[in-house]
Every structure is written in C-alpha cells, then in structure tokens.
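Student: would you be able to build a 3D model of this:
(chains A, B, C and D)
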2 protein chains.
Amino acid sequence: MKSTEKIKILLVDDHQLIREGIASMLGDCNDIEIIGSVPSGEEAINAVRMNRPDVILMDIMMGGMTGIEATRWIKGDDPDIKVILVTMEISKEYVSAGITSGVNGYLPKDSDKKTLIDAIYAVQNGGHFFNDAIMKLVFEDFYSREKLKNVPSKLPHELTKREYEILRQVASSKSNKEVAESLFISIKTVETHKTHILEKLGLKNTTELVKYAIKNKIIAVDSL
Amino acid sequence: MKSTEKIKILLVDDHQLIREGIASMLGDCNDIEIIGSVPSGEEAINAVRMNRPDVILMDIMMGGMTGIEATRWIKGDDPDIKVILVTMEISKEYVSAGITSGVNGYLPKDSDKKTLIDAIYAVQNGGHFFNDAIMKLVFEDFYSREKLKNVPSKLPHELTKREYEILRQVASSKSNKEVAESLFISIKTVETHKTHILEKLGLKNTTELVKYAIKNKIIAVDSL
DNA sequence: TTAAAAATCAGGATTTCCCCTGAGGCTTGC
DNA sequence: GCAAGCCTCAGGGGAAATCCTGATTTTTAA
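Tutor: Numbering: from 1, shown residues only, chains lettered A, B, ... in the order given. So this is what the prediction gives:
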C-alpha cells in the first residue's frame, strides 16, 4: 500500500450506536477512511464485493451470521482483507475459533481510541493484535488444561442413570431405534425416557437435547 | 492461615548470590519469613520434610535435579505447598512442563520486588502467578498453532448463503415448519435445502447438523 | 413396611422428518 | 445465448419422532 493511500475500513455490527461510536473514534484520523457501515455479516459479504476494504471491524455476535462465519466467508474470497473482531465479552471458544478462521485481531468493545488505532495499524502491516485480556484468557485456558488433566466431572443428578445413558446416545445422533437396539430395550421405552428427559430439562426437542449435552460436556463436539 | 502467621518461604537455587538477593528483597516484608535456603532440588525435598514451607521459590535449571522434577516430588508429598519457579530465560517448553507438574507461579529472575511479593501472595491465596511475558509466550504459541490449522483446510464455500441461513435456523432448534414461516417460504423448500445441506456436509440427520453448526461456530452453544 | 420413584412396555393418533423425482424462474459467467 | 448454479415448490411415501393414556415390575427411600 502506498503511504499516501488511506486505510479503508468497513464496520460491521448490528447496533448502529456501536458503529457510529467507532466511526467517531476514527473520525479525526487522517490515515483511516471508513468506506462502509453495515448491520450484518450477510451485508458485510456483499459490501466487501462492492468496495474492497483493507480492514474490517466486526462484531462477533450478530443477529444472523456470526462474525466468525462471516470472516470465514470473506477470507475465502480474499485472504488479504484483515479482520478484527470486536466483542462485548471475550470467551475462549470464540477467540480460538476466530484465530482458526483467520481473524487478525480481537478487541473488546470497551477499548480506547489508541488501542483501536494500534490494532488497525498492526493488522494492516501484516501483524496481529490481541489485547492483554485475550492473551490472559488463552493462557488461563492453557493453564487449566495442563493442570487439570484427570478431574472426574461431576454433574447434578437431575436425570436418572438410565435417562443419562439415553441422553448420551441420542445426542450422539442415534435414532430411537438404534438406542433401543443398543440397550436391548423397546423403542417405546426409549421414547418414554426421552419424554421424561425433555420434561425434566425443560427442552423442546432432540436438537435442544444435543445442545444441552454439548454444553454440559456429556458428549464432545469433535465427535464428528 | 491465620493472619498473624507469616508466610514461610523456602529458597532453592544453586547460586548463593541469587538466594541472598531474593532474601534481601523480602527482608523488610513483615508478613514473609524465610525459613530455609538450599542449593539443590534434593536438599529442597529434605528441607520440606524437616520444616514445611508455605511457598517455595525455586530455580528451574540447577546442578542435579531440575526445579520441575523437584516440584513433582514435593507436590507428591504435599500438594498444598505452593511452588514458584524462577528462571533466567523463559521458554515455552518449560512453562508448559512446569504447569503440568503443578507449579503455581513462574517468574523471570529480573522481576522487581513488587512483582515477587505479588506472586507470593497470589499463590499463597490459592491463585497462580505468571507474568505478562509468559502469558504472551503461551499465547503466541497458541496463535501459531491455531493459525496453522487453517492453512491446509482452505475450504471453499460448501454451502450457499440460503443454505447457511437454513442451517443456522435448524440448528437453533427450529422445526422445518418454523423455519419456513420465518423465511416466508414453503416447508418443501426448507426440506430441499436441508437435504442438500446434509448431502454436502456428509451428515446423517438434524442432530449431526446441530453438532456441525456448533463445531463450526455457526451457532453458539450457550443459546439455551 | 410402605410409598415413591424408576424402568419397562403397548396401543393408537398425529406430526414431523427424510428422501425421491420433477420442474419453473432467476441470476451469473463464458 | 446458454449452461450452470441457485432458489423455489410439489406430490408422494416410508420412516421416525412426538404425544397421549395406561400398565407392570423392580428399586429406592422414608
């Protein structure tokens, strides 16, 4: 990039207030130009095709497509476009997923102006930018993983042992029939158990049951 | 620990100069008492059995036994004794090895007095202490590993935008009917899309689709 | 001991899912 | 223009899931 050219920024966030806040933060910066401001990942993808930005500042949690998903899409079209994810709360899962999808930076929404501009310059120059809180988060995750190798997971006995067994199998994408065969019981019994499980946990259907199982570490997500 | 009792420290380093340097740093601290000062890991283990310290400040690289090895021994006898490793240079291997063997803190030798005392208090209160350089080191390692994961994949857009929209909604536990209503299209269309999605992604049914969506951060697990 | 909870199963009704074939309209790229 | 891909919809059918009521046996807990 020639030094005379401004860094072109695209803002993506479903809250207009946030977008305008960032825009005003960057307003008096001579080297930076905001070329677009859209409220969703879908529109971001379109905007990028219309007018290619250098750096995208994007929220993670948005109405439709997540920032992660949009990043993957955009990077698929043009890997040289830099993406900085901006988020309310930082969570380890999203940091690592973000890095895997190729984001170049990660900022909390309460970052100050200097941090924001530093981040933009850093990614524009081919580097990456993750603030201390995020590095700390990744470290804490590393620490707990290294330290807590063999800790037996305990979970509240909301469900009976049998129900728990059914839950695990159903969440592993087995059909009622397959579960029945695997446990040598009737399909009708499986159905009854399943009804009880959904009742007890306040869930609607099997898909919510899968999410419950993943959330509570009853099954692993990578089992695919 | 009663607040009237001092924190009992054991110093372990094969350089007497270092031990005395640390001792003098902690000399005027009323809450801290140095109960021992030994030049090797072996002697540290003996010293611990004679007179139990609360916190051990130990060098990593020593003549015989390393600080890592000594930590493992000591923690095997009494896991409640806190260990802070002190080192000349930081290296990723030693940080991770240290954490695995249960150290509670990790300091470079050029730490100032305040940092040293902060670290002692932190581990004494059940926490851990790793300075910024070490967290950064771990993060950079994490970053490069995560980023490498992405390089070979480089997968094209497997799904169309519409299919992603369907996928997102289905994975959010909506029924075909609900998805159809939300998008103002026919249930039959939703079914067609869904069939295509399952085909393209090599999935069996809706539960696997949910897991795929979670794994790829298309939906969040905590949306329950 | 007795009551409650858990685990098992059935019949029947209704809905939803999944798959198949086929097809019309639409935009995009060559 | 024309092929290709995408989005839309339909009919039909089999499989599966969901929901209901009701029941028996075993296990657990009060």
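Student: quick one, domains of chain A?
Tutor: Domain assignment of chain A by automatic domain parsing yields the ranges A:7-144, A:161-215.
Student: deepest in the core, which of these is it.
Tutor: Mean neighbour count (mean count of other C-beta atoms under 10 Å in any protein chain shown) peaks for domain A:7-144 among the domains of chain A, with a mean of 19. The way it works is simple: take the backbone N, C-alpha and C, and place the C-beta from them, glycine included.
Student: near chain B at all, that one?
Tutor: Yes - judged by C-beta under 8 Å from any C-beta of the partner chain, domain A:7-144 comes into contact with chain B at A:42, A:45, A:61, A:64-66, A:68-69, A:73, A:76, A:93-94, A:96-97, A:99-102, A:128, A:130, A:132, A:134-136, A:138-139, A:142-143.
Student: give me the subset of the residues you listed lying in strands.
Tutor: Applying DSSP state E to the residues of domain A:7-144 next to chain B, the entries found in strands are A:Phe130.
Student: in helices, which of the residues of domain A:7-144 next to chain B appear?
Tutor: The helices, defined by DSSP state H, take in A:42, A:45, A:68-69, A:73, A:76, A:93-94, A:96-97, A:99-100, A:132, A:134-136, A:138-139, A:142-143 from the residues of domain A:7-144 next to chain B.
Student: near DNA strand C, from those residues?
Tutor: Among these, no residue is within reach of DNA strand C (C-beta under 7 Å from any atom of the strand).
Student: so how far is the first residue of stretch A:31-49 from its last?
Tutor: With C-alpha to C-alpha, to the nearest Å as the measure, the ends of stretch A:31-49 fall 22 Å from one another.
Student: got a list of contacts for that stretch?
Tutor: Here stretch A:31-49 makes contact (C-beta atoms under 8 Å, 6 or more residues apart in numbering or on different chains) with A:6-16, A:19-20, A:23, A:26, A:50-51, A:53, A:56, A:58, A:62-67, A:69-70, A:73-74, A:77-78, A:81, A:117, A:120, B:161.
Student: which residues of chain A lie near DNA strand C?
Tutor: A:Thr160, A:Lys161, A:Arg162, A:Glu163, A:Leu183, A:Ile185, A:Ser186, A:Lys188, A:Thr189, A:Thr192, A:His193.
Student: out of the residues you listed, who's near DNA strand D?
Tutor: A:Thr192.
Student: and the gap between A:Gly102 and A:Asp80?
Tutor: As for A:Gly102, its distance to A:Asp80 is 11 Å (criterion: C-beta to C-beta, to the nearest Å).
Student: ugh, wrong one, A:Glu42
Tutor: With C-beta to C-beta as the criterion, A:Glu42 and A:Asp80 are 21 Å apart.
Student: could you do A:Ile74 as well?
Tutor: Relative to A:Asp80, and taking C-beta to C-beta, A:Ile74 is found at 10 Å.
Student: next: A:Val170.
Tutor: 44 Å.
Student: which non-adjacent residue is nearest A:Gln16?
Tutor: A:Pro39 (6.9 Å; C-beta to C-beta, 6 or more residues apart in numbering or on different chains).
Student: per-residue pLDDT, that neighbour?
Tutor: What the model reports as pLDDT for A:Pro39 is 91.
Student: what residues are up against the residue most central in space within chain A?
Tutor: The centre of chain A sits closest to A:Tyr94, judged by C-alpha atoms, centre = their mean, with a distance of 4.0 Å. Applying C-beta under 8 Å, 6+ apart, we find A:Tyr94 in contact with A:Ile60, A:Ile68, A:Leu85, A:Thr87, B:Lys217.
Student: okay, those in JSON lines with distance to B:Glu208 next?
Tutor: Shown next, in JSON lines, are those (distance: C-beta to C-beta, whole Å):
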{"residue": "A:Ile60", "distance to B:Glu208": "25"}
{"residue": "A:Ile68", "distance to B:Glu208": "20"}
{"residue": "A:Leu85", "distance to B:Glu208": "28"}
{"residue": "A:Thr87", "distance to B:Glu208": "28"}
{"residue": "B:Lys217", "distance to B:Glu208": "16"}
